[in-house]
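Peer 1: Pasting the sequence and the predicted coordinates here, then a few questions.
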Amino acid sequence: MSRKKTPKSKGASAPAASVLPAANGSRPARPGIARPGPQVRPNGPPQLGRPSLGSGDFYDVTFKVMLVGDSGVGKTCLLVRFKDGAFLAGTFISTVGIDFREPPTRGQHCPSRWAQWSWLVVFQNKVLDVDGMKVKLQIWDTAGQERFRSVTHAYYRDAHALLLLYDVTNKASFDNIQAWLTEIQEYAQHDVVLMLLGNKVDSAQERAVKREDGEKLAKEYGLPFMETSAKTGLNVDLAFTAIAKELKQRSTKAPSEPHFRLHDYVKREGRGASCCTP
Ligand SMILES: Nc1nc2c(ncn2[C@@H]2O[C@H](COP(=O)(O)OP(=O)(O)OP(=O)(O)O)[C@@H](O)[C@H]2O)c(=O)[nH]1
Ligand SMILES: [Mg+2]
């Protein structure tokens with residue numbers, strides 16, 4: 001990935017991952033009533049929540065997670081797999097813009113719904129139960145193409161976590177990881193939670209990046225690492241759950257809770273590609 005240095009955008013800004021307070025930490029009785037709450041700085045102090053805007057999902061705390069990496073590595077597919085349990089097979093439709101809207105309908109088959117919205121960078125909300133706490137992840141899918149980079153930079157700064165993807169069948173996407181890390185260092189919060197994912201491990205025949213090379217790079221940069229497949233679902237839920245656990249721990253810091261170690265968790269729970277190849 002060649003890198004052109006672009007100035008930090010002062011224009012478009014993603015909504016801060018806001019967390020709205022609930023009285024005494026309890027969740028309000030009536031879902032869906034929106035009232036602006038205080039904006040919190042990214043990776044800020046413990047925050048309690050309320051129903052998410054419009055979706056009706058209850059949550060205790062919410063975080064913004066972004067998917068980044070070269071075009072074609074499978075960011076959109078990973079999000080669709082996590083959100084809807086489906087895989088976008090067939091024609092590759094690159095994500096080429098940015099917007100705040102969510103896809104309009106629920107329950108439709110992924111391919112048609114997402115193809116329709118592929119020109120936007122959408123975010124999707126998913127609420128996870130993490131050790132008894134409802135953690136809402138607001139997951140932003142970005143355009144991997146170089147020409148949209150200056151737009152997506154603006155969204156980094158209030159991300160709590162970044163999932164950085166490469167494609168194990170595409171060596172160039174792996175070689176570009178260092179440039180992505182430089183970019184992340186420049187535009188994201190210094191304490192952003194970062195995880196490296198080698199996607200498409202179902203394509204064993206076309207593999208161009210060894211698992212050990214991914215591990216080595218991750219170790220070099222001190223990153224948790226897993227290989228994933230949006231096609232089979234391998235380690236997809238795990239990646240997001242691990243992020244949610246880490247963010248939850250950082251925000252609550254309950255002394256009574258056992259300390260969560262992201263690296264150890266990912267190492268222990270991650271499964272090898274061979275287990276799930278169709
Ligand atoms: N075999 C296999 N193919 C995948 C996987 N994930 C994505 N693909 C395919 O890879 C292509 C690109 O996937 P996308 O999710 O659109 O890639 P992207 O990273 O969102 O690309 P941009 O939007 O351009 O940044 C599509 O044809 C997908 O079907 C996977 O885990 N395994
Ligand atoms: Mg995409």
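Peer 2: Structure received. Numbering: from 1, shown residues only. Ligands and ions are numbered 1, 2, ... in the order given.
Peer 1: Where in the chain is the helix or strand with the lowest mean pLDDT?
Peer 2: Every helix and strand of the chain was ranked by mean pLDDT, DSSP states H and E. The lowest is helix 110-116, at a mean of 43.
Peer 1: Identify the neighbouring strands of the helix or strand that that one is followed by in the sheet and state each direction.
Peer 2: Later in the chain than helix 110-116, the nearest helix or strand by DSSP states H and E is strand 123-130. Its sheet considered, strand 123-130 pairs with strand 133-141 (antiparallel) by DSSP bridges.
Peer 1: What are the buried residues along the following helix or strand past the partner strand?
Peer 2: Using DSSP H and E, the helix or strand that follows strand 133-141 towards the C-terminus is helix 149-156. For helix 149-156, the neighbour count (16 or more other C-beta atoms under 10 Å) marks Arg149, Val151, Thr152, His153, Ala154, Tyr155, Tyr156 as buried. The C-beta positions use only the backbone N, C-alpha and C, and glycine is treated the same way.
Peer 1: Could you do stretch 218-226 as well?
Peer 2: Neighbour counts over stretch 218-226 (16+ other C-beta under 10 Å) mark Ala218, Leu223, Pro224, Phe225, Met226 as buried.
Peer 1: mean confidence for it?
Peer 2: Regarding stretch 218-226, the rounded mean pLDDT is 96.
Peer 1: quick revisit: what's the closest of the buried residues of stretch 218-226 to ligand 1?
Peer 2: Distance to ligand 1 across the buried residues of stretch 218-226 (C-beta to the nearest ligand atom) is lowest for Met226, with 12.5 Å.
Peer 1: Can you tell me how far Met133 is from Ala161?
Peer 2: Remark: distance between Met133 and Ala161 (C-beta to C-beta, to the nearest Å) = 16 Å.
Peer 1: Which one's more surrounded, those two?
Peer 2: Neighbour count, other C-beta atoms under 10 Å: between Met133 and Ala161, Ala161 has more, with 27 against 18.
Peer 1: residues in contact with that one?
Peer 2: By C-beta atoms under 8 Å, 6 or more residues apart in numbering, Ala161 lies in contact with Phe63, Lys64, Val65, Met66, Val192, Val193, Leu194, Met195, Ile243, Glu246, Leu247.
Peer 1: now, which of the residues you listed lie within strands?
Peer 2: For the contacts of Ala161, the ones inside strands are Phe63, Lys64, Val65, Met66, Val193, Leu194, Met195, with DSSP state E as the criterion.
Peer 1: Mind putting the buried residues of helix 149-156 into JSON lines with pLDDT?
Peer 2: Shown next, in JSON lines, are those (pLDDT from 0 to 100):
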{"residue": "Arg149", "pLDDT": "78"}
{"residue": "Val151", "pLDDT": "74"}
{"residue": "Thr152", "pLDDT": "78"}
{"residue": "His153", "pLDDT": "82"}
{"residue": "Ala154", "pLDDT": "81"}
{"residue": "Tyr155", "pLDDT": "83"}
{"residue": "Tyr156", "pLDDT": "89"}
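Peer 1: Closest one of the residues you listed to Ala230?
Peer 2: Closest approach between the buried residues of helix 149-156 and Ala230, by C-beta to C-beta: Thr152, at 19.8 Å.
Peer 1: quick one: Leu262 and Ala244 touch, right?
Peer 2: No - the pair Leu262 / Ala244 is not scored as a contact, 10.7 Å apart, by C-beta atoms under 8 Å.
Peer 1: Pick out whichever of these two has more residues nearby.
Peer 2: Taking neighbours as other C-beta under 10 Å, Leu262 and Ala244 compare with Ala244 leading, 25 against 19.
Peer 1: And the pLDDT for the more buried one?
Peer 2: At Ala244, the model reports a pLDDT of 96.
Peer 1: Next one: it from Leu128, what distance?
Peer 2: Ala244 sits 5 Å away from Leu128, going by C-beta to C-beta.
Peer 1: Now do the shared contacts for those two.
Peer 2: Common contacts of Ala244 and Leu128 (C-beta under 8 Å, 6+ apart): Val135, Leu137.
Peer 1: Near Ser71, how many residues? Count them for me, please.
Peer 2: Using other C-beta under 10 Å, Ser71 is surrounded by 18 other residues.
Peer 1: Now do the contacts for it.
Peer 2: Contact partners of Ser71, counting by C-beta under 8 Å, 6+ apart, are Ser94, Ala143, Gly144, Gln145, Glu146.
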